[in-house]
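> How does the following fold in three dimensions:
(one chain, ligands or ions: 2)
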Amino acid sequence: MNIAVNPSDPLARTAPLYERVKTLIPAVEWPVFAKDIDAILTLKESRNAVILAHNYQTPEIFHCVADISGDSLALAREAMTVDAETIVLAGVHFMAETAKLLNPEKRVLIPDLEAGCSLASSITAEDIRGLRAKYPGVPVVTYVNTSAAVKAESDICCTSGNARKVIESLGVARVIMLPDEYLAQNIAAETGVEIITWPGRCEVHEQFTPAEIREMREAHDGLVVVAHPECPPSVVAEADFSGSTANMIDFVGRERPKKVVLVTECSMSDNVAAQYPEIDFIRPCNMCPHMKRITLPKIRRSLETMTHEVTIDPAVAARARLAVERMLEI
Ligand code: 13P
Ligand code: SF4
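Numbering: from 1, shown residues only. Ligands and ions are numbered 1, 2, ... in the order given. This is a model prediction of the structure:
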């Protein structure tokens, strides 16, 4: 990209960032991104803010404005190491709530309050109380993809990155694990623990089918298949590797397959492909509409207006925090 050097020019200032995404974003489109990115970088400093971004954020967010990126587990852990006064969570609402639970004294902003999750909206605190009454004494393990109110009713949380460890740490033959029935079934198969599930599903991952994976293998010789454990067990069974989004990225970095498909949300392949241009990414694209609510203009506005602040009822927060902290101790 040919950029005239003018220190007051966002294009000049963001030129090194463009290098990170030039295989994904056409040069002709960059000026639009550059203006917002430049403004966000300035606002981050003046507001003493950091941006935590999930691996499903679009490349211009993931590679150009995020200070920290990762899976749900990494974002929770990293949220606790932040010195800045404000955290902007470029991800969905439960992630921002988790960051707030772990940083009650900090201001946590989410650029769009409507950025939800089909798993989080599949279950309420009342549902957990009903399950406890039905299965007295059985521990409740709650996926982090839930509201703080649901976490508050749980014994311990887990993410896709540590679900197996969390379940095994309990040392019991039977657990209630919710709300993702596919994740629960995948973990039950790995651990041999009997798992009582809940009929929640990720609207992105439930769409993948084993037939689709077999077709891709037929069309692409030597294809390596990496699937997220929110996929149906029949899809995970077709994969060469399954793990959280961070584990999927690590797998690609470690194994450097010639051709790979990441059976998960669209932006993952974009973000990882930018790092490994020599790898051929086959891209079936299932998009998370909630993750895609977060855009550069909304992040900019969030920092300009210091909205939308995430708040949690202190009584709920105290109990929910315990469930998250128990997970982080494992
Ligand atoms: P990870 O914790 O693996 O990043 O998953 C979060 C998520 O929402 C996947 O759909
Ligand atoms: Fe929720 Fe699925 Fe979107 Fe992740 S990808 S935020 S689990 S709807």
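
> Close to ligand 1: what parts of this structure are there?
Where the chain comes near ligand 1, counting by C-beta under 6 Å from any ligand atom, the residues are 55, 71-73, 145, 159-161, 202, 230, 244-245. In this view, the C-beta of every residue, glycine as well, is placed from N, C-alpha and C.

> among those residues, which are in helices?
72-73, 245 (DSSP state H).

> Among those, find me the one that's closest to residue 152.
When these are ranked by distance to residue 152 (C-beta to C-beta), residue 72 comes first, at 17.8 Å.

> one step back: could you export the residues of the chain next to ligand 1 as a markdown table, including distance to residue 283?
Putting those into a markdown table (distance: C-beta to C-beta, whole Å) gives the following:
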| residue | distance to residue 283 |
| --- | --- |
| 55 | 15 |
| 71 | 20 |
| 72 | 23 |
| 73 | 25 |
| 145 | 24 |
| 159 | 25 |
| 160 | 21 |
| 161 | 23 |
| 202 | 18 |
| 230 | 18 |
| 244 | 20 |
| 245 | 15 |
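
> just the residues you listed that are near ligand 2?
Intersecting the residues of the chain next to ligand 1 with the contacts of ligand 2 gives 145, 202, 230 (criterion: C-beta under 6 Å from any ligand atom).

> So for the closest residue to ligand 2 within the stretch 1-150 of the chain, what pLDDT did the model give?
Per C-beta to the nearest ligand atom, residue 117 is where the stretch 1-150 of the chain lies closest to ligand 2, at 3.2 Å. With respect to pLDDT, residue 117 scores 98.

> Excluding residues flanking it in the chain, which one is nearest residue 297?
Counting by C-beta to C-beta, 6 or more residues apart in numbering, residue 36 is the residue found nearest to residue 297 once chain neighbours are left out, at 5.8 Å.

> Likewise for residue 316?
Using C-beta to C-beta, 6+ apart, the nearest residue to residue 316 is residue 152, at 4.8 Å.

> Who are the contact partners of that neighbour?
For residue 152, the contacting residues are 125, 316-317, 319-320, 323, taking C-beta atoms under 8 Å, 6 or more residues apart in numbering as the criterion.

> If you rank those residues by neighbours, which is first?
Counting neighbours by other C-beta atoms under 10 Å, residue 320 comes out on top of the contacts of residue 152 with 28 neighbours.

> Can you tell me how far it is from residue 329?
15 Å (C-beta to C-beta, to the nearest Å).

> before we move on, what about residue 215?
In this structure, residue 215 and residue 329 are 43 Å apart, going by C-beta to C-beta.

> same thing with residue 150?
Here the criterion is C-beta to C-beta. By it, residue 150 lies 20 Å from residue 329.

> which one of those two has more residues nearby?
In this view residue 150 and residue 329 are compared by other C-beta under 10 Å, and residue 150 has more residues nearby, 27 against 8.

> tell me which element the more buried one falls in.
Following DSSP states H and E, one finds residue 150 within helix 148-152.

> for ligand 2, what are the nearby residues on the protein?
The chain comes close to ligand 2 at residues 92, 117-119, 145, 202-204, 230, 265, 288, 290-291, as judged by C-beta under 6 Å from any ligand atom.

> hmm, who's touching stretch 112-129?
For stretch 112-129, the surrounding residues in contact (C-beta under 8 Å, 6+ apart) are 91-94, 140, 142-143, 145-147, 149-150, 152-154, 178-180, 198-203, 230, 290-291, 293-294, 298, 308.

> Now do residue 284, the pLDDT please.
According to the prediction, residue 284 has pLDDT 81.

> Could you number the chain from 399 rather than 1 from now on?
Happy to do that; since the first residue is 399 now, the last one works out to residue 682.

> so what's it up against?
Shown here is residue 682, whose contacts under the criterion C-beta under 8 Å, 6+ apart are 606, 610, 614, 659, 661.

> Let's see which of those residues end up in helices.
Per DSSP H, the contacts of residue 682 map to helices at 610, 614.

> can you redo the contacts of residue 682 as TSV with neighbour count?
Shown next, in TSV, are those (neighbours: other C-beta atoms under 10 Å):
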residue	neighbour count
606	23
610	15
614	17
659	24
661	26
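
> Generate JSON lines for the contacts of residue 682, with pLDDT as supplementary columns.
Below are the contacts of residue 682 laid out as JSON lines (pLDDT from 0 to 100):
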{"residue": "606", "pLDDT": "98"}
{"residue": "610", "pLDDT": "97"}
{"residue": "614", "pLDDT": "97"}
{"residue": "659", "pLDDT": "98"}
{"residue": "661", "pLDDT": "98"}
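
> Skipping adjacent residues, who's closest to residue 676 in space?
Per C-beta to C-beta, 6+ apart, closest to residue 676 is residue 654, 7.9 Å.

> Quick check: that neighbour vs ligand 2, distance?
Between residue 654 and ligand 2 the computed distance is 26 Å (C-beta to the nearest ligand atom, to the nearest Å).

> Hmm, that residue is touching residue 674, no?
Yes. Taking C-beta atoms under 8 Å as the contact criterion, residue 654 and residue 674 are neighbours in contact, 7.2 Å apart.

> These two - which one has more neighbours?
Per other C-beta under 10 Å, whichever of residue 654 and residue 674 has more neighbours is residue 674, with 15 against 12.

> Which residues are in contact with the more buried one?
650-651, 654.
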